[in-house]
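Participant: sequence? don't have it. structure:
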Ligand SMILES: [Fe+2]
Ligand SMILES: [Fe+2]
């Protein structure tokens, strides 16, 4: 293949017209031929989406020319650097909003969740209201009863109706079960020798339980379920990435496993959408409270200055998620695809005012809660096929 043929093949790859064999040949040339190296990159599915969503490229001219890896890098870094990370990053926000729009099969949260949340927030909410609200969603009701009867909750008697569940467990526990069951059963499954969504959700439930436990120990977060929800959804952007480019993102997960490099760092290095930002955009799309999506956005940003000016409760929620994530990974409770180090960042411990003894107490109480939650996920439905 000469240089001209190589250029035209690059174009056909960009336009998704090349065969697998041609793409492999292209990759080989990129790795072996000097003239191929500096100029061309064969774009992953997500790279194409990312480039396609950059506002100033909406004219599409970039799709008509081969794009160098350097140019792509500059482009994305340029957009990222336009605003501080946690400020109002319009350009970046637009990219992620557009990416979320491109996720085919992104489930909508059942309307019943919103209605139940509102009903449960009313002081005079009564069991009949909730029973009536959920009566339209039989499978959700069945799941909630199955979870309520699981060993995790250790109820003194078996419950057969939501009324019974609410009167024995209370509104808050039932709300937590409804949310967990709805989110998990909304997504399909992806299964691979080194990664499964089942294990991913185990990680997410673990982080949800740990985040709310840490909040309780530190007197942060109050009585509501916000910290639990932050923990449950903190890595939802990874599911978004899997839906956008299953093969590419699984390769990234595998790379994290092989190298021990954090997945969030690899996303930046390999120009993948960052799961924290994508997660924020998904939660915004679901119209969850802004406290939740803003905390999710910064859960991997440990530098307070780079987070930008944010209310204290959001910084604290993000720090609780971070700590919970490290504890859960330390305990190997599920697996979210991140094989990076679990060493705790001193900046976070300092911000939360945690000394060694208190940290150990919290670690132990989280481990106890995780042990209790062991069989929780097994009672939730599992479905097949990610896309
Ligand atoms: Fe994460
Ligand atoms: Fe995580």
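Facilitator: Arrived safely. Here the structure is a predicted model, which means the values were calculated and not measured. Ligands and ions are numbered 1, 2, ... in the order given.
Participant: tell me the mean pLDDT over stretch 357-364?
Facilitator: The pLDDT scores in stretch 357-364 average 95.
Participant: What residues sit buried inside it?
Facilitator: 362, 363 (16 or more other CB atoms under 10 Å). Backbone N, C-alpha and C define where each C-beta goes, glycine included.
Participant: Can you name the residues in contact with that stretch?
Facilitator: By CB atoms under 8 Å, 6 or more residues apart in numbering, the surrounding residues in contact with stretch 357-364 are 213, 214, 217, 218, 323, 327, 344, 349, 354.
Participant: Verify the stated contact: the fourth one with residue 349.
Facilitator: Going back to what we said before, that points to residue 218. No: when contacts are counted by CB atoms under 8 Å, residue 218 is not listed as touching residue 349 (11.6 Å).
Participant: Could you verify my assumption that residue 333 touches residue 200?
Facilitator: No: assessed by CB under 8 Å, residue 333 is found out of contact with residue 200, at 11.7 Å.
Participant: Quick check: nearest residue in space to residue 321, chain neighbours excluded?
Facilitator: The shortest distance from residue 321 to any non-neighbouring residue, by CB to CB, 6 or more residues apart in numbering, is to residue 299 (4.6 Å).
Participant: Report pLDDT for the one you found.
Facilitator: 96.
Participant: Tell me how many other residues crowd it.
Facilitator: When counting by other CB atoms under 10 Å, one arrives at 27 neighbours for residue 299.
Participant: go on, residue 346?
Facilitator: 10.
Participant: likewise the one 10 residues further on?
Facilitator: Other residues within reach of residue 356 by the criterion other CB under 10 Å amount to 8.
Participant: how much space between it and ligand 2?
Facilitator: Residue 356 sits at a distance of 24 Å from ligand 2 (criterion: CB to the ion, to the nearest Å).
Participant: got the phi/psi numbers for that residue?
Facilitator: phi -50, psi -50 (degrees, to the nearest 10).
Participant: Can you tell me the SS state at residue 157?
Facilitator: coil (DSSP: H, G, I helix; E, B strand; the rest coil).
Participant: How about it, nearest residue that isn't a chain neighbour?
Facilitator: Nearest one to residue 157, counting by CB to CB, 6+ apart, is residue 168 at 7.5 Å.
Participant: and the helix or strand harbouring that neighbour, which residues are buried?
Facilitator: Per DSSP states H and E, residue 168 falls inside helix 162-169. Neighbour-count burial for helix 162-169 flags 162, 164, 165, 166, 169 (criterion: 16+ other CB under 10 Å).
Participant: what does stretch 238-255 give?
Facilitator: Going by 16+ other CB under 10 Å, stretch 238-255 has these buried residues: 238-245, 248-250, 252-255.
Participant: Repeat that for stretch 211-222.
Facilitator: Those would be 211, 212, 213, 214, 215, 216, 218, 220, 221, for stretch 211-222 by 16+ other CB under 10 Å.
Participant: And for stretch 321-336?
Facilitator: 321-329, 331, 333-336.
Participant: just checking: which of these also lie near ligand 2?
Facilitator: Restricting the buried residues of stretch 321-336 to those within reach of ligand 2 (CB under 5 Å from the ion) leaves 325, 336.
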